[in-house]
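Novice: Coordinates for the following, if possible.
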Amino acid sequence: MASYRIAALLILSTAAHAQPTPSWKLTRSNHFELYSQGDDAAARSALIWFEQLRVFYLRKTGLASETLRPVRVIAFRSAREYQPYQLRPASDAHYVGTESRDYIVMAAVDTGIFKTAAHEYAHAILHAAGLQFPPWLSEGLAEFFSTVRINQRECTLGGDLPVRSQVLRRRPWIALENLLAMPANSPIRDNRETAAVFYSQCWALVDMLALSPQYAPRFSALITALSSTTQGPEALPRIYGKSLSAITGDLHAWAAIQHQPVPLTGIPSDQILPQEVQASVDLTPLQARALLAEMLLAAGDLVRAGAIYNDLAAEMPRDPSVPAALGNIALREGNNDRAREQWQRAIALGIQDATLCFQYAVLGGRAGVPDQELRPALERAIQLQPDFDDARYSLALLEKNAGHYEAAVAQLRAMRNIAPARAYNYWLALADALVQLGQRDQAGAASKKAAEQAATAAERARAAQLAYFADTDLAVQFTLGENGRAELQTTRVPHRTADGFNPFIQPGDKMRHAEGVLREVDCSAAATRFVIHTSNGIVSVAIPDPGHVQMRNAPSEFTCGPQPASKVSVDYAESASSGSNADGVARGIQFR
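Specialist: As a prediction, the model looks like this:
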């Protein structure tokens with residue numbers, strides 16, 4: 001009995017000191033959704049800052065505004081609440097980009113929001129631009145952009161990051177060749193001490209490469225090189241003409257000096273209107289759990305996400321988003337039968353989430369689900385969200401692969417924005433479908449667009465091939481096989497010349513043309529011979545096989561001997577062996 005009372009006392013004591021689960025609120029602006037556990041004023045300030053960042057990045061990168069998708073920001077009350085959802089033990093925030101949505105997850109919305117937000121949103125910008133850099137450059141750019149300061153009169157970028165520069169002064173550095181070759185999953189980034197050196201050194205290196213008078217002129221060349229290939233540590237010496245040891249020395253010298261930020265054009269306040277931030281709305285406990293499950297699913301934590309969604313399925317049996325999410329999890333786990341079962345339930349319940357529809361189609365395609373089962377998911381996504389360009393693009397490719405070229409072209413042309421990351425493939429797909437439809441001029445224009453977006457010689461060759469297909473027609477011609485017998489093979493001829501194409505002209509023929517009057521058909525030799533009187537003399541052409549001469553407007557039959565004065569034009573191969581005393585072998589004869 002005493003032990004029971006002690007246990008009860010401990011339970012009561014724990015309950016008395018436990019903190020209530022903080023409630024979640026949703027605050028929206030034009031381009032961001034902020035789910036937070038903080039107060040409304042902090043949420044509004046954070047959203048205004050994110051909107052300012054968006055304007056800044058659009059101005060400085062030249063990206064089209066449609067390229068940047070709405071971002072879902074999830075901010076916990078503290079690092080303690082955030083800790084179970086960290087992607088890395090040493091991170092206080094992280095970015096996750098899925099096929100259809102961008103997430104920024106942070107430990108809190110507080111005074112440190114500005115630097116953290118700028119860092120994580122930089123990752124969203126790189127994702128939107130389709131740029132996949134090595135970790136040192138990706139994180140270095142994010143840290144570099146975290147220095148941005150924005151106001152109406154002037155923005156600044158660069159300058160000192162005290163928390164980073166102090167680390168570099170106090171701790172040993174990572175060898176530059178190791179930093180440049182470090183993979184994304186390096187354990188160095190999972191320890192707070194070593195991760196601090198990694199991020200600090202990445203920041204200092206990018207800061208020097210972008211702003212140093214010695215290195216800045218070649219920075220764009222480095223960006224281009226690292227965005228189009230998988231070059232490793234050798235990229236820097238090749239671009240800058242310096243050894244890694246020399247670059248390391250320059251970097252130490254650069255980091256030892258406190259540099260001033262670079263002044264840039266300000267952002268007028270009328271571009272960011274506080275009244276565009278909507279009032280906060282409280283989430284129900286079920287909605288909050290669904291939010292965390294969605295976040296875990298986006299981050300690839302299928303076990304915890306599945307556990308929450310299975311609980312929600314029992315508590316929210318009529319919510320179609322729950323079986324849709326469970327279907328996506330089943331696809332990732334390789335359970336296609338369960339995925340179909342859950343997806344059919346989501347459809348029956350009238351799913352209203354376009355993102356989940358699209359995610360199911362993408363994951364199903366990777367898992368080998370038949371196209372006819374994926375088409376309804378994409379069509380539903382577009383029905384729910386007509387401007388869902390990602391869904392339209394996926395449906396267009398599905399239709400093109402199925403031979404439904406008109407449907408493919410319709411979906412491609414309905415897209416509002418062509419993201420830079422897919423511009424080449426977009427124009428290539430459109431050109432291919434238009435070629436199949438015989439819309440040659442438009443196919444040629446699309447092929448030219450694809451060539452302009454090509455990044456490699458192979459891509460340019462593929463675009464040129466489609467341009468060639470747009471300007472030519474498929475035809476057949478006779479050639480001589482290895483056994484000396486005539487064989488048919490396919491070829492392409494310029495468009496609008498197919499009627500004049502002669503399939504009997506063989507590769508290597510030395511063609512001649514003559515016009516005159518047919519005077520005689522000589523049947524005395526092994527090969528029949530046509531004798532033609534021209535203004536330049538007599539031309540005789542052999543016809544070894546009448547079935548291999550293109551005859552136009554010819555009489556139904558010929559008789560041997562002298563002929564009435566019929567005007568003819570003849571094309572013949574001078575170089576071919578005629579097998580008779582002739583000037584060549586006839587390939588085509590037209591009677592006029």
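Novice: Any regions of the stretch 401-550 of the chain where pLDDT drops low?
Specialist: Filtered on pLDDT under 70, the stretch 401-550 of the chain yields the residue ranges 473-501, 503.
Novice: Could you pull out the helices in it for me?
Specialist: For the stretch 401-550 of the chain, the helices defined by DSSP state H, counting those that start in this stretch cover 405-414, 423-437, 440-453, 457-470.
Novice: cool, the stretch 51-200 of the chain as well?
Specialist: 79-82, 113-128, 135-145, 162-170, 176-181, 192-211.
Novice: So which of these is nearest residue 48?
Specialist: helix 113-128 (10.8 Å; CB to CB). No exception for glycine: its C-beta is placed from N, CA and C like everyone else's.
Novice: So which residues make contact with the closest one?
Specialist: 42, 45-46, 49-50, 53-54, 57, 61, 63, 67-69, 71, 73, 75, 92-95, 97, 102, 104, 106, 132-133, 138, 141-143, 145-148, 419, 421 (CB atoms under 8 Å, 6 or more residues apart in numbering).
Novice: Taking helix 162-170 as reference, get the angle to that helix.
Specialist: 90 degrees (axes from the mean of the first three to the mean of the last three CA atoms, to 10 degrees).
Novice: quick one: buried residues of helix 113-128?
Specialist: For helix 113-128, the neighbour count (16 or more other CB atoms under 10 Å) marks 113-128 as buried.
Novice: Need the helices of the stretch 51-200 of the chain in a markdown table (columns: mean pLDDT and distance to residue 287).
Specialist: Listed next are the helices of the stretch 51-200 of the chain as a markdown table, based on pLDDT from 0 to 100; distance: least, CB to CB, whole Å:
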| stretch | mean pLDDT | distance to residue 287 |
| --- | --- | --- |
| helix 79-82 | 91 | 17 |
| helix 113-128 | 89 | 23 |
| helix 135-145 | 95 | 31 |
| helix 162-170 | 94 | 36 |
| helix 176-181 | 94 | 43 |
| helix 192-211 | 95 | 33 |
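Novice: Out of these, which gets nearest to residue 307?
Specialist: Closest approach to residue 307 among those (CB to CB): helix 79-82, 18.5 Å.
Novice: From the contact counts, what lies against that closest one?
Specialist: Of the remaining helices and strands, none touches helix 79-82 by 3 or more CB pairs under 8 Å, 6 or more residues apart in numbering; DSSP states H and E.
Novice: and that helix, which residues are buried?
Specialist: By 16+ other CB under 10 Å, the buried positions in helix 79-82 come out as 81, 82.
Novice: now stretch 446-453
Specialist: 446, 447, 448, 449, 450, 451, 453.
Novice: Please enumerate the strands of the stretch 251-400 of the chain.
Specialist: Secondary structure of the stretch 251-400 of the chain (DSSP state E, counting those that start in this stretch): strands at 262-265, 281-282.
Novice: okay, the helices of the stretch 51-200 of the chain in a markdown table with distance to residue 263 next?
Specialist: What follows is the helices of the stretch 51-200 of the chain, written out as a markdown table (distance: least, CB to CB, whole Å):
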| stretch | distance to residue 263 |
| --- | --- |
| helix 79-82 | 34 |
| helix 113-128 | 17 |
| helix 135-145 | 16 |
| helix 162-170 | 20 |
| helix 176-181 | 30 |
| helix 192-211 | 12 |
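Novice: For residue 545, which of the ones you listed is the nearest?
Specialist: Judged by CB to CB, the one of the helices of the stretch 51-200 of the chain that comes nearest to residue 545 is helix 113-128, at 63.8 Å.
Novice: Wait, residue 295 touches residue 101, no?
Specialist: No - the pair residue 295 / residue 101 is not scored as a contact, 10.5 Å apart, by CB atoms under 8 Å.
Novice: picking that back up, please identify the most buried of the helices of the stretch 401-550 of the chain.
Specialist: The highest mean neighbour count among the helices of the stretch 401-550 of the chain, using mean count of other CB atoms under 10 Å, belongs to helix 423-437: a mean of 22.
Novice: Who are the packing partners of that helix?
Specialist: Helices and strands touching helix 423-437, by 3+ CB pairs under 8 Å, 6+ apart, are helix 389-401, helix 405-414, helix 440-453, helix 457-470.
Novice: coming back round to it: and of the helices of the stretch 51-200 of the chain, who's closest to residue 282?
Specialist: helix 79-82 (17.1 Å).
Novice: ok, residues contacting the closest one?
Specialist: For helix 79-82, the external contacting residues (CB under 8 Å, 6+ apart) are 22, 37, 76, 92, 105, 106, 107, 108.
Novice: Over to stretch 186-193?
Specialist: So stretch 186-193 is in contact with 88, 89, 90, 135, 171, 174, 182, 194, 195, 197, 198, going by CB under 8 Å, 6+ apart.
Novice: tell me how far the ends of it are from each other?
Specialist: This stretch, stretch 186-193, spans 14 Å end to end (CA to CA, to the nearest Å).
Novice: Please compute how far it lies from its chain's middle.
Specialist: 30 Å (CA atoms, centre = their mean, to the nearest Å).
Novice: could you flag which of the contacts of stretch 186-193 are buried?
Specialist: Buried among the contacts of stretch 186-193 by 16+ other CB under 10 Å: 90, 135, 174, 182, 194, 195, 197, 198.
Novice: any idea which of the strands of the stretch 251-400 of the chain is most buried?
Specialist: strand 262-265 (a mean of 14).
Novice: what packs against it?
Specialist: Other elements packing on strand 262-265 under the criterion 3+ CB pairs under 8 Å, 6+ apart are strand 154-157.
Novice: Any chance you could list what contacts the strand it packs on?
Specialist: Against strand 154-157 from outside (CB under 8 Å, 6+ apart): 56, 144-145, 147-149, 261-267.
Novice: Go through it and flag the buried ones.
Specialist: Those would be 155, 156, 157, for strand 154-157 by 16+ other CB under 10 Å.
Novice: follow-up on the earlier one: could you save the contacts of stretch 186-193 as JSON lines and add columns showing distance to residue 360?
Specialist: Output for these, formatted as JSON lines (distance: CB to CB, whole Å):
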{"residue": "88", "distance to residue 360": "29"}
{"residue": "89", "distance to residue 360": "32"}
{"residue": "90", "distance to residue 360": "34"}
{"residue": "135", "distance to residue 360": "31"}
{"residue": "171", "distance to residue 360": "47"}
{"residue": "174", "distance to residue 360": "42"}
{"residue": "182", "distance to residue 360": "35"}
{"residue": "194", "distance to residue 360": "40"}
{"residue": "195", "distance to residue 360": "36"}
{"residue": "197", "distance to residue 360": "42"}
{"residue": "198", "distance to residue 360": "37"}
